[in-house]
Structure formats: C-alpha cells, structure tokens
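# just to be clear, the model below is a prediction. Sequence and coordinates:
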Amino acid sequence: MRRLLAHAHAPYSGVQVAAAVEDEQGAIHYGVNVENAAYPQGNCAETSAIAAMVTSGARAIRRVWVTSSLPGLIWPCGGCRQKIWEFSAPGCEVVSVGDDGAAESHTIEALLPLGFRLEPRG
Ligand code: THU
C-alpha cells in the first residue's frame with residue numbers, strides 16, 4: 001500500500017496519505033488524498049478508498065489500513081471516522097501502518113464512540 005503514496009496529490013500540505021478498505025467479500029479498494037487549490041475541497045485518502053468501494057457495489061467495511069509520508073502512525077480525521085462508521089461491519093478494524101512497517105489497530109467503535117447512524121445496525 002505504501003507505494004500508493006506516490007499517487008497522492010498533496011502539493012499544499014506535502015503530506016501523502018494512502019488508505020485501503022477491505023469489503024465484505026474480501027476485495028480491497030484503494031485511495032489516496034487528493035488536495036485542491038481551494039483547500040477545503042480536498043479529499044482524504046480514506047474518503048477516496050470508501051468512494052472506490054461504494055462505486056464497486058460493495059457496502060460493508062471489514063478493515064481499513066492507513067499510512068502516510070509522516071514519521072510514525074497517523075489515524076483517520078474525525079470526518080473520515082464518521083465515513084468509515086457509515087459502512088463499517090461490526091468489529092471493523094482500523095490499522096495504521098508506519099513508515100517502518102510497525103502497525104497498530106483499533107476498532108472503529110473505539111475511534112468513534114457513539115457515532116451517528118440513522119438506522120440501528122442489523
Ligand atoms: N489526510 C488524509 O488523507 N487522511 C487522514 O486521515 C488525515 C489527513 C490528508 C488530508 C490532507 O490532504 C493531508 O492529509 C494533510 O492534512
């Protein structure tokens with residue numbers, strides 16, 4: 001996944017981010033951050049990966065991986081936590097992978113306690 005950092009469009013922050021989501025069939029969908037000169041219009045890598053998954057027809061996320069060009073581990077921003085939550089299968093894991101290959105994992109429920117959902121999870 002880290003090879004995708006080269007595909008990020010991050011000329012404004014200089015921070016390249018790549019994400020992958022595994023759907024309910026085990027298929028993996030990838031995304032990178034795509035920034036814009038109108039700064040708020042940029043997309044996070046997780047948002048891009050979720051959009052790719054939804055476009056493919058899948059709807060449930062089993063696992064998310066995120067990595068960046070920064071040293072150490074990064075974790076999804078608040079908005080991306082809510083976007084992951086929208087599609088998360090129960091127990092969905094978010095795995096952060098560092099530049100040295102070190103990884104740490106937390107459930108989306110731990111990262112976003114009491115996230116907003118219109119429908120109870122079936
Ligand atoms: N970014 C992500 O793509 N994912 C995150 O979880 C946090 C931040 C991006 C947004 C922006 O393009 C750059 O990192 C610096 O904030």
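Sure, I can see it.

# switch to C-alpha atoms for all contacts and neighbour counts from now on
Will do.

# which positions in this structure make contact with the ligand?
Contacts of the chain with the ligand, taken as Cα under 6 Å from any ligand atom, map to Ala10, Ser13, Val15, Val17, Asn33, Glu35, Cys44, Ala45, Glu46, Trp75, Pro76, Cys77.

# so how many other residues sit close to the second one?
One way to gauge burial is a neighbour count; for Ser13, by other Cα atoms under 10 Å, it gives 9.

# where do the strands sit along the chain?
17-23, 28-32, 61-68, 88-97, 103-107 (DSSP state E).

# between the residues of the chain next to the ligand, which has the most around it?
Going by other Cα under 10 Å, Glu46 tops the residues of the chain next to the ligand with 29 neighbours.

# could you pull out the helices for this protein?
Here the chain has its helices, by DSSP state H, at 45-56, 78-87, 108-111.

# what comes up buried for the last one?
Using 16 or more other Cα atoms under 10 Å as the test for burial, helix 108-111 gives Ile108, Glu109, Leu111.

# can you tell me which of the helices of the chain is nearest to Ser68?
helix 45-56 (9.5 Å; Cα to Cα).

# alright, I will stop here.
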